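Trainee: heads up, no residue letters with this:
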């Protein structure tokens, strides 16, 4: 069987300033433990406008309007810098405003849990109808809206969660069960936001690459949310619910969970499914997490920085049969953090980087781009977490010196030559490797690079089931058009020759006995 290839990518960022205040756990927790805190008073004035979010350099990288290396042209920090002429629509995706996103939450709602008031509905209907690939039937799900008095009753008397826009209640998400906490209004809002942002990313994949959704056989959803009821809390299935919304009528699907590492687990699964011949076209998709909005807000506000975690993010990737042009996914060179690996940084990077490279007879310098935890340092440095991508590159470089692949003097320049500045929002699973996939597909097709490594790392201990760390990696490689034998560096004739030689050697051994 030929290797699977990475064919296309789509990305979305959704600006959600009101959700930062009303749905981000840092803020909602503060409302409970210290409702009169100075921090809560400062949050509204620390939120960015939609125009500022669109012009923000890392966000323009995320949607493909500028390249990761272009961030080096902007003096750090970037929060006070703008990309001139920035637009919401990029080569790889778009930045969606909050009002449209709330409307999409209504559109993806299959159980009449989202109610929007009449004025707000009227204000967004035309915007949604003009959206590419949004059908008349989809737009029709908005209906005419609900009376504001009814929405107030849902919130005050039935435990519904309010939906805000411009700090005014424009609707609500109702609970799906009277006593089941897994179907509470709070959980349903989180899940619908994740589903809606995933659908928008899927739509971007289809729109930007002119893909017919009917070709998709299977969908793997890999966000950090979980849907189910009291009998099977995280049973799923986000994947099929998202496929349904975008018209992928021939697709089945399932959910994969692994905290921040889940997207790369899903990438490996998709590559294996395609390579085995089980499916021809698999889409990996994930929406964002409202809970993580403003996660480091206290640190940002304390340092007079805007709250930069003000976007819900999503992505979608199409993995398919070898077309002779798209980058191949080396599913034979997968790195994995095993149960026995250990949790030291050196052990983790060795298991994810050097071990798979050694299996393929490759050096650290044979990978042209490493994409691991591409978190935006604008967000993490003020919070005391440092520059995460830079830390990863230093560790990879140090191992390169230890293996003899690099000179010690090259450690200082390794990140510039083999890495990229981070640009992804801290939405957990979003930064782990996949933000570069869209660029990698293009860079490999245009032969700017020969190989890239996509790395996902995860913190399993957050679930309180194990103290183990987690991580996986996979190599993307230039497609030579020669099939799998060429990809692994051995021609078909060479394989035949080796087999013949092995047979002769075995026959000779038998004759000696």
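Mentor: Good, I have the coordinates. Since the structure is predicted, the reported quantities are computational estimates derived from the model, not experimental observations.
Trainee: assign residue 316 to helix, strand or coil.
Mentor: Using DSSP: H, G, I helix; E, B strand; the rest coil, the structure places residue 316 in strand.
Trainee: and it, how close does it get to residue 155?
Mentor: 33 Å (Cβ to Cβ, to the nearest Å). C-beta: built from backbone N, CA, C; applies to glycine.
Trainee: so what's the gap between the host helix or strand of residue 241 and the chain middle?
Mentor: Using DSSP states H and E, residue 241 sits within helix 238-246. Here the centre of helix 238-246 is set off from its chain's centre by 17 Å, with Cα atoms, centre = their mean, to the nearest Å.
Trainee: so for that helix, mean pLDDT?
Mentor: Mean per-residue pLDDT for helix 238-246: 98.
Trainee: which residues touch residue 295?
Mentor: Residue 295 makes contact with 24, 25, 26, 309, 426, according to Cβ atoms under 8 Å, 6 or more residues apart in numbering.
Trainee: quick one, strands of the protein?
Mentor: 5-15, 93-96, 114-116, 161-165, 168-173, 218-221, 252-255, 281-286, 311-320, 328-336, 369-372, 451-458, 470-477 (DSSP state E).
Trainee: okay if I get those strands as JSON lines plus distance to residue 144, mean neighbour count and mean pLDDT?
Mentor: Below are these laid out as JSON lines (distance: least, Cβ to Cβ, whole Å; neighbours: other Cβ atoms under 10 Å; pLDDT from 0 to 100):
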{"stretch": "strand 5-15", "distance to residue 144": "25", "mean neighbour count": "27", "mean pLDDT": "98"}
{"stretch": "strand 93-96", "distance to residue 144": "23", "mean neighbour count": "26", "mean pLDDT": "98"}
{"stretch": "strand 114-116", "distance to residue 144": "10", "mean neighbour count": "25", "mean pLDDT": "98"}
{"stretch": "strand 161-165", "distance to residue 144": "17", "mean neighbour count": "22", "mean pLDDT": "98"}
{"stretch": "strand 168-173", "distance to residue 144": "13", "mean neighbour count": "22", "mean pLDDT": "98"}
{"stretch": "strand 218-221", "distance to residue 144": "32", "mean neighbour count": "28", "mean pLDDT": "98"}
{"stretch": "strand 252-255", "distance to residue 144": "33", "mean neighbour count": "19", "mean pLDDT": "98"}
{"stretch": "strand 281-286", "distance to residue 144": "31", "mean neighbour count": "30", "mean pLDDT": "98"}
{"stretch": "strand 311-320", "distance to residue 144": "27", "mean neighbour count": "28", "mean pLDDT": "98"}
{"stretch": "strand 328-336", "distance to residue 144": "47", "mean neighbour count": "22", "mean pLDDT": "98"}
{"stretch": "strand 369-372", "distance to residue 144": "46", "mean neighbour count": "27", "mean pLDDT": "96"}
{"stretch": "strand 451-458", "distance to residue 144": "44", "mean neighbour count": "26", "mean pLDDT": "96"}
{"stretch": "strand 470-477", "distance to residue 144": "47", "mean neighbour count": "26", "mean pLDDT": "97"}
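Trainee: and residue 412, how many neighbours does it have?
Mentor: 10 (other Cβ atoms under 10 Å).
Trainee: so it versus residue 406, what's the distance?
Mentor: Per Cβ to Cβ, residue 412 is found 11 Å from residue 406.
Trainee: and what of residue 68?
Mentor: Applying Cβ to Cβ, the value for residue 68 to residue 406 is 22 Å.
Trainee: next: residue 79.
Mentor: Residue 79 is 33 Å from residue 406, by Cβ to Cβ.
Trainee: same deal with residue 78?
Mentor: As judged by Cβ to Cβ, residue 78 and residue 406 stand 29 Å apart.
Trainee: check residue 464 too.
Mentor: With distances taken as Cβ to Cβ, residue 464 is found 39 Å from residue 406.
Trainee: these two: which is more packed in?
Mentor: More neighbours surround residue 406 than the other of residue 464 and residue 406, with 21 against 7 (other Cβ under 10 Å).
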